[in-house]
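Make a model of this:
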Amino acid sequence: MIFFDIDTQHDFMDADGALAVPDADAIKPNLERLLVAAGKHKLLTISSRCAHEPGDAEFEIFPPHCLEGTRGAERIFDALPHLPRHEFEADAQADEHARLNAGHHYVVKKKAYDLFTNAWLEALRTRGAFAHQECVIFGVATDYCVRAAALGLAQAGARVLLVEDAIRGVAPDTTEKSLAEFRAAGVEFTKTETVLNQWSVAGK
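As a prediction, the model looks like this:
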């Protein structure tokens, strides 16, 4: 199982953030529970993180947000999960020898809403690193960054599970459209409690 923690940064998650996602505050407790569980059970976790500089191309579409060096760019639960951490810059190059280690945390920076615009991560996807893997996705926003992650992983042959009480979208119409796309792509829907109960049932 691989956890994908999508863009859980202050500028998206906080009500006063530069590009606040509506009602994102409501999912913070579930996000924290999932990230704590990732550390406790040593689950491979990939966190995407917008990392912008003034003048980035995305600011032609969206207001400036997640500027490097500001609080808005920081993850809201930056200390979680408690796992060995590796960080990759937005311009990280593809590495044919790269591997994902079980029980490690990878923070992958990006300058566009699709996390696979990071060449290092996209190379892993292209090589089949996520094929036949159970990928659990949570974060924001359902109709942008979460959408790109879910569809990208589904196309890569992963079993994708979307934690529906740990995601939020920007707008109702684009969120509904995205949910329909997820269903058409075979994405499954689950809840935080269901994910966490896997270890309770296993007695762990």
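
all helices of the protein, in order?
10-13, 28-40, 119-126, 145-155, 172-184, 192-201 (DSSP state H).

which of the residues in the second one are buried?
What it means is helix 28-40. 30-31, 34-35, 37-39 (16 or more other CB atoms under 10 Å). For glycine as for every other residue, the C-beta is placed from the backbone atoms N, C-alpha and C.

By mean pLDDT, which helix or strand of this structure comes out lowest?
Lowest mean confidence among the helices and strands of the chain (mean pLDDT, DSSP states H and E): helix 192-201, at a mean of 82.

picking that back up, can you tell me which two in the buried residues of helix 28-40 are farthest apart?
For these, the maximum inter-member distance is 15.4 Å, found between 30 and 39 (CB to CB).

Can you give me the distance of residue 185 to residue 157?
11 Å (CB to CB, to the nearest Å).

Please apply the same query to residue 10.
34 Å.

ok, these two, which is more surrounded?
The neighbour count for residue 10 versus residue 157, taken as other CB atoms under 10 Å, is higher for residue 10 (20 against 13).

For that one, give me its contacts.
Contact analysis of residue 10 by CB atoms under 8 Å, 6 or more residues apart in numbering lists 17, 71-74, 76.
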